[in-house]
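[1] Using only what follows, build the 3D model:
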Amino acid sequence: MKYYDFLDKSPKIDGLVVIEGTDSVLAQRALDALLDRLIPADMRALNLEVIDGPVTDDLARIVADSVAAMPFLAERRVVAVRGCERLRAQPRRDLWAVAEAVPAGNTLVLEDLFPPNKKTKPEPFGALAGRKALRIDTTLTADTRERYVHETLERLGAKAEPRAIAAMADSDADLGAIGNDLEKLALTGTKITLADLERESLAIEDPKAWHYAGALIEGRASDALAIAFELFASDRGAAVPLVSALATELGLIWELARPNGGDLPGRHKWRERILRPLAKRIGERRARYGFAAAVRGFEAVVTGQIDDPRGMIELLTADIASKVTAPPRRTVAS
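    Here you go, the predicted model:
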C-alpha cells in the first residue's frame, strides 16, 4: 500500500507493520501516522519503544521482551525497529522470528527501506510478510512528490508557480532535498518561480553529494560511503561535488561552533536549525580540522594532484569520521 493510500484509506492495523520503500521522510511520517492511530499522545511514554536496530546489541531478545510486555493504561503497546535495511543477515533472521510471533494486541513496526520488489538475500521483511503484515510503501513517484510539495507549501504559507511544482515532482530528488529547497525559498516571501528553483535548488541538481556530506557530519560514515560509491558509479568526476559539499557543510558548522555562537550568512540561515546542534556536539576545534581537511581534498582533486579520487574520498571520509564527527554510541532510542 502506497504511503498516501495508507493515509487516505486508514486500513486496519494488526500485529505487524512493515514500512518499506526508499524515502526516509515518508518513512518517518508513516511511523508518526501509525502512532497517531494506535496510541494517544499522553500514553506513548509508557507504551512505545523505538529501537535503532543496527546499533542495538542482542536486538531480537530486546524486541521480543519489549513486544511481549502488556500495555499500560492503553489498548496497545507498539515497538518500532528503525534502520532494518542496515542489519546483517543473522540479526535479520533472528528479528524475523520475533516478528512472526507478535502477541495479540501489540504491534511491531519494522522500518526496512528496500524497494518492495527488490530481490536480495536475505529477503526484505515486506516480501517475507506478504499479506500477513500491513505494508506501507514509501517509494517516490511524481504524484507523491507533487502532493508532498503542495502539503509543504501549505504548511509554510508559501506559493509556487506550476512550472516550479512540476520540476520538483518530475525530479529524482528525495523529499528531504525538496523540503529543504521549499523551506529556503519560502523565506523570500514571494511566489517561488522556476528560476528561483534552478538557482538555489538541491532537487533540480543531483542531491547525492549533499546527502553524503550530511550523513558523514551526522556520524553515519558507512551510509556516507555508500552514497559516495553510488555517485561514483554514474559519474567519474563525483569527487568534486562530494568534497565541495563536505567542505561547505563543515565550514558552516565551524562558523556555528565559534565561541560567540557564530552566525550563518543569509543564504544559509535556513540551515541553522539543523546544523547548530551538530556544531555544539562537534566543537570548534574538530570542525576547523574537518573543514581544513575537506578544503585540502578539494584542492587536490581540482588540481589533479591525485590519481585515485575515489580512494581519496574513502580516506577523507574515514579521517573525518574518526577525528570530527564520530557520535557517542547509543543502543536504544525511545
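
[2] From here on, just use CA atoms for contacts and neighbour counts.
    OK.

[3] Please tell me I have it right and P241 contacts P207.
    No - under the criterion of CA atoms under 8 Å, P241 makes no contact with P207, lying 9.6 Å away.

[4] contacting residues for R276?
    253, 256-257 (CA atoms under 8 Å, 6 or more residues apart in numbering).

[5] Out of the residues you listed, name the ones that lie in helices.
    Mapping the contacts of R276 onto helices (DSSP state H) picks out 253, 256.

[6] out of the contacts of R276, which is most surrounded?
    I253 (30 neighbours; other CA atoms under 10 Å).

[7] Check which helices and strands the helix or strand of the chain with the lowest mean pLDDT sits against.
    Ranking every helix and strand in the chain by mean pLDDT, DSSP states H and E puts helix 194-200 at the bottom, with a mean of 80. Here helix 194-200 touches helix 162-170, helix 175-186, going by 3 or more CA pairs under 8 Å, 6 or more residues apart in numbering; DSSP states H and E.

[8] Give me the distance between the first one and the centre of its chain.
    Put plainly, it is helix 162-170. 23 Å (CA atoms, centre = their mean, to the nearest Å).

[9] I'd say R135 and E20 touch.
    Yes - applying CA under 8 Å as the test, R135 and E20 come out as touching, 6.9 Å apart.

[10] Which of the two has more residues huddled nearby?
    E20 (30 against 25).

[11] Spatially, which residue comes closest to the more buried one, not counting chain neighbours?
    Leaving aside its sequence neighbours, E20 sits nearest to L113 (CA to CA, 6 or more residues apart in numbering; 4.5 Å).

[12] Please look at the one you found and T22 and confirm they touch.
    Yes - counting by CA under 8 Å, L113 does reach T22; the two are 5.3 Å apart.

[13] So between the two, which is more surrounded?
    L113 (25 against 18).

[14] do you know how far that one is from K132?
    18 Å (CA to CA, to the nearest Å).

[15] do the same with T193
    Distance of T193 to K132, computed by CA to CA: 46 Å.

[16] For E314, give me its contacts.
    Counted by CA under 8 Å, 6+ apart, E314 has contacts L225.

[17] Double-check that it belongs to a helix.
    Yes - under DSSP: H, G, I helix; E, B strand; the rest coil, E314 sits within a helix.

[18] And it, what's its pLDDT?
    Reading off the confidence values, E314 has pLDDT 94.

[19] go on, D14?
    94.

[20] SS state for it?
    D14 ends up coil, using three-state DSSP.

[21] Tell me who's in contact with the closest residue to it other than its chain neighbours.
    Spatial nearest neighbour of D14, chain neighbours left out: T107 (6.4 Å); criterion: CA to CA, 6+ apart. For T107, the contact set (CA under 8 Å, 6+ apart) comprises 14-17, 67, 76-79.

[22] Among those residues, which one lies nearest to K118?
    Distances from K118 to those, taken as CA to CA, are shortest for V17 (18.1 Å).

[23] give the contact list for the closest one.
    Counted by CA under 8 Å, 6+ apart, V17 has contacts 107-110, 133-136.

[24] and which of those residues is nearest L46?
    Nearest member of those to L46, counting by CA to CA, is T107, at 14.3 Å.

[25] can you give me phi and psi for the closest one?
    phi -130, psi 130 (degrees, to the nearest 10).

[26] What of the one 5 residues further on?
    With angles defined as degrees, to the nearest 10, D112 shows backbone torsions of phi -130, psi 90.

[27] Same question for T56.
    phi -100, psi 120.

[28] Okay, it and A221: tell me how far apart.
    Going from T56 to A221 by CA to CA gives 17 Å.

[29] More neighbours: which of the two?
    Higher neighbour count among T56 and A221: A221, with 23 against 17, using other CA under 10 Å.

[30] contacting residues around that one?
    By CA under 8 Å, 6+ apart, the contact list for A221 reads 215, 317-318, 321.

[31] Which one (most neighbours) among these?
    Going by other CA under 10 Å, T317 tops those with 23 neighbours.

[32] contacting residues around A30?
    3, 19, 136.

[33] 7 Å instead?
    Y3 (CA atoms under 7 Å, 6 or more residues apart in numbering).

[34] Also L34?
    No contacts exist for L34 under CA under 7 Å, 6+ apart.

[35] Next, give phi and psi for it.
    phi -60, psi -50.

[36] Burial check on P124, number of neighbours?
    Neighbour tally, P124, other CA under 10 Å: 22.

[37] now it: how far from E75?
    Relative to E75, and taking CA to CA, P124 is found at 29 Å.

[38] same thing with E218?
    Taking CA to CA, one finds E218 at 36 Å from E75.

[39] Of those two, give the one with the bigger neighbour count.
    E218 (17 against 14).

[40] which residues in the chain form strands?
    16-20, 48-52, 78-82, 107-111, 134-137 (DSSP state E).

[41] name the helices or strands packed onto the second one?
    Counting contacts by 3 or more CA pairs under 7 Å, 6 or more residues apart in numbering; DSSP states H and E, strand 48-52 packs against strand 78-82.

[42] now what about the strand it packs on, what contacts it?
    47-53, 66-67, 106-111.

[43] quick check: angle from that strand to strand 107-111?
    Counting by axes from the mean of the first three to the mean of the last three CA atoms, to 10 degrees, strand 78-82 lies at 10 degrees to strand 107-111.
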